[in-house]
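**Q** sharing a model prediction with you, sequence too.
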Amino acid sequence: MYESTEQWRAVDDYFVATLVGEDAALAQARRSSRDAGLPDHEVAPNQGALLSLLARMCRARRVLEIGTLGGYSTIWLARAAEHVTTLEADAEYARLARRNLEHAGVADRVDVIVGAAADGLDELIARRAEPYDLVFIDADKPNNPRYLEASLRLTRSGSVIVADNVVRDGAVTDPGSTDERVRGVRRFLEQVAADPRLDATALQTVGSKGWDGFALALVR
């Protein structure tokens, strides 16, 4: 009975109700995304709380988020840090995210950059943005290797890099996969493993978002 997706969701619901206490602004951000027809890709509440805790644990002052969607994870991060730069390719998603950030009272601490994430990252590098203490990568997976390269140019020793959705229902183990999302994740993980600047691990998870997981890296 404990291997069903229904039970995974029930456990997540229990953890959220017991430990997280998602507030009205966060719940509204999730609802507004559903009402606007956005894909159900935002982190779960307990995962958002994990991002917030990671930011606080590493005393992150500046956070870079690659992939805004409706701003749900952005709110969690902005509540833990002084400043968040978040990159969103879709202008409509970005507009909704700004409204959700305003409603949550954190818009003054967030810069939403609209356009292809790779272009936004190049712009940050070109203007020599102050290093970020935490990077959360949660955008189009085929470009994860490029996002990692840019993240390393925008961080410093002691910074933390988190990449979401690295399990892909177990498909990450298939070296012959033709799914560009899986291929992007595998290339990303191989780059992390080969880079002497990084210490890393990855964990698989089950829950309300299904069977997936995240990678966590520390910049030496």
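**A** Nice, thanks for sending it over. None of the values given here were measured: they were computed from a predicted structure.
**Q** run through this protein and note the low-pLDDT ranges.
**A** Scanning the chain for pLDDT under 70 picks out 1-3.
**Q** please enumerate the strands of this structure.
**A** Per DSSP state E, the chain carries strands over the ranges 62-66, 83-88, 110-114, 134-137, 160-164, 198-207, 210-219.
**Q** and the ones you listed as JSON lines, adding mean neighbour count and distance to Ala27?
**A** Where you see a C-beta, it was placed from the backbone N, CA and C, and this is true even at glycine. Shown next, in JSON lines, are the strands of the chain (neighbours: other C-beta atoms under 10 Å; distance: least, C-beta to C-beta, whole Å):
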{"stretch": "strand 62-66", "mean neighbour count": "27", "distance to Ala27": "20"}
{"stretch": "strand 83-88", "mean neighbour count": "25", "distance to Ala27": "20"}
{"stretch": "strand 110-114", "mean neighbour count": "18", "distance to Ala27": "19"}
{"stretch": "strand 134-137", "mean neighbour count": "26", "distance to Ala27": "21"}
{"stretch": "strand 160-164", "mean neighbour count": "23", "distance to Ala27": "21"}
{"stretch": "strand 198-207", "mean neighbour count": "15", "distance to Ala27": "18"}
{"stretch": "strand 210-219", "mean neighbour count": "19", "distance to Ala27": "21"}
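**Q** how about CSV for those strands, with distance to Gly37 added?
**A** CSV is the format used below for the strands of the chain (distance: least, C-beta to C-beta, whole Å):
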stretch, distance to Gly37
strand 62-66, 22
strand 83-88, 16
strand 110-114, 18
strand 134-137, 24
strand 160-164, 21
strand 198-207, 23
strand 210-219, 20
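**Q** of these, which is nearest Tyr14?
**A** Across the strands of the chain, Tyr14 has its closest neighbour in strand 198-207 (10.6 Å, C-beta to C-beta).
**Q** restricting to C-alpha, output that closest one in PDB.
**A** Taking C-alpha atoms only, strand 198-207 is exported to PDB below (Å, rounded to 0.1, in the frame of the first residue of the first chain):
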ATOM      1  CA  LEU A 198      32.200  21.200  -7.400                       C
ATOM      2  CA  ASP A 199      31.300  18.700  -4.700                       C
ATOM      3  CA  ALA A 200      27.900  17.200  -5.400                       C
ATOM      4  CA  THR A 201      25.200  14.600  -4.800                       C
ATOM      5  CA  ALA A 202      21.700  13.900  -6.000                       C
ATOM      6  CA  LEU A 203      18.700  12.500  -4.300                       C
ATOM      7  CA  GLN A 204      15.500  10.900  -5.700                       C
ATOM      8  CA  THR A 205      12.200  11.800  -4.200                       C
ATOM      9  CA  VAL A 206       8.600  10.600  -4.400                       C
ATOM     10  CA  GLY A 207       5.600  12.800  -3.500                       C
END
